[in-house]
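Colleague: A predicted structure for the sequence below; I have some questions about it.
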Amino acid sequence: MDLADATSAKSSSLLTGQNHALELAVGGAPLAEVLEVLVHTAETQSEGSFAGSILLMSEDGKHLLHGAAPSLPDAYNAAIDGIAIGPRVGSCGTAAHFGHAIYVTDIARDPLWADFRDLALQHGLRACWSTPIVAKDNSVLGTLAIYYREPRGPSESDREMVKLIGNTAALVIENARLHARLHDENYRARLAADAGGIGFFTWEVTSDLVSWQNERPYEIFGIDRSEPPINAQRFVTEFLEAEDQEPFAAAVARALEGGTSFRFAGRIRRKSDGAIRRVEFTGQVDPEARQRGVDRVVGIAADVTARQPA
């Protein structure tokens with residue numbers, strides 16, 4: 001294989017590894033698994049000349065946590081997990097502190113490694129290049145490091161590979177953190193809604209499919225949690241009082257015609273005890289779904305009998 005063929009093969013292998021990591025991320029795989037694929041891809045490109053490591057910035061922005069380092073000794077990974085960043089904290093802690101790459105060609109002699117020299121040398125690590133993984137807003141998400149078993153600096157191919165892998169790592173880490181924040185916000189919103197007696201719903205109008213995002217609607221309608229969410233047809237025929245059926249249809253028509261808000265208040269007969277309850281629905285036609293030709297209403301439902309007796 002000549003040089004051109006070897007270069008092409010490496011590029012293909014790098015692209016395959018990156019795509020695999022992105023597919024895992026999109027499929028909801030744990031962040032650690034995705035990062036391990038990226039580190040392994042980087043190591044494969046080096047043909048065993050280095051061991052890779054990704055550390056993640058902590059929520060407080062002051063510490064680095066283990067992300068992925070499949071070829072480094074477990075004892076070493078455990079020892080540096082949670083290290084505080086700073087101006088003289090090895091290669092990774094220093095890179096995260098200053099926000100730029102740190103090259104240490106000889107760990108045994110470099111003052112940045114004074115506090116970690118014995119640990120690194122004990123595990124046969126002689127040189128380390130660490131570069132920050134940076135988010136779109138330029139905040140540091142973590143570090144990507146490559147360790148050598150002899151004193152040396154990175155080659156040009158190592159630099160280019162780390163740049164590409166680092167960009168992919170930034171994407172998956174940032175997306176994972178965004179997903180985690182959204183999940184946390186949704187969880188807290190559901191708790192608040194449950195406490196406030198509010199139910200979240202999504203209604204696909206054309207197909208008349210309804211999903212409930214919390215438990216409260218089951219209590220509002222008095223149905224068992226083993227039953228599926230109540231769609232509009234069943235709502236009208238089994239729960240809604242006859243006098244309120246026409247106003248409900250009119251409210252739906254207005255919302256779909258205007259493509260904006262949906263509001264309806266009416267009386268239902270609760271299934272569990274037959275009690276008449278006054279319920280209120282407030283929602284919004286989803287504009288993004290409408291652009292795709294789908295009519296979807298996202299909203300909340302509440303039992304307002306205490307405010308407006310049935």
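Modeller: Great, that's in hand.

Colleague: For this structure, which segments count as strands?
Modeller: 50-57, 63-68, 83-84, 102-104, 127-134, 140-148, 198-204, 209-212, 261-269, 276-285, 296-303 (DSSP state E).

Colleague: strands paired with the third one, and their directions?
Modeller: Taking DSSP bridges as the criterion, strand 83-84 sits next to strand 63-68 (antiparallel) in its sheet.

Colleague: distance of Asp158 from Ile230?
Modeller: Shown here: Asp158 relative to Ile230, a distance of 60 Å by CB to CB, to the nearest Å. Just so you know, the C-beta spots here come from the backbone N, C-alpha and C atoms, and that holds for glycine as well.

Colleague: now do Val140
Modeller: Taken as CB to CB, the span from Val140 to Ile230 is 48 Å.

Colleague: Check Asp115 too.
Modeller: 63 Å.

Colleague: Between these two, tell me which one has more neighbours.
Modeller: Ile230 (21 against 14; other CB atoms under 10 Å).

Colleague: which residue packs closest to that one, ignoring adjacent ones?
Modeller: Excluding its sequence neighbours, the residue lying closest to Ile230 (CB to CB, 6 or more residues apart in numbering) is Phe221, at 5.9 Å.

Colleague: Ok, Arg267 next?
Modeller: Closest to Arg267 by CB to CB, 6+ apart is Glu241, at 4.3 Å.

Colleague: show me the contacts for that neighbour.
Modeller: 266-269, 276 (CB atoms under 8 Å, 6 or more residues apart in numbering).

Colleague: Which of these ranks first by neighbour count?
Modeller: Highest neighbour count within those: Ile268, with 23 neighbours (other CB under 10 Å).

Colleague: Name all residues that make contact with it.
Modeller: Contacts of Ile268 by CB under 8 Å, 6+ apart are 221, 235, 239-241, 276-277, 279.

Colleague: Now the two most distant members of those.
Modeller: Across the contacts of Ile268, no pair lies farther apart than Phe235 and Ile276, at 15.0 Å, counting by CB to CB.

Colleague: Could you count how many residues lie near Ala301?
Modeller: 22.

Colleague: And the one 3 residues further on, by the same measure?
Modeller: When counting by other CB under 10 Å, one arrives at 15 neighbours for Val304.
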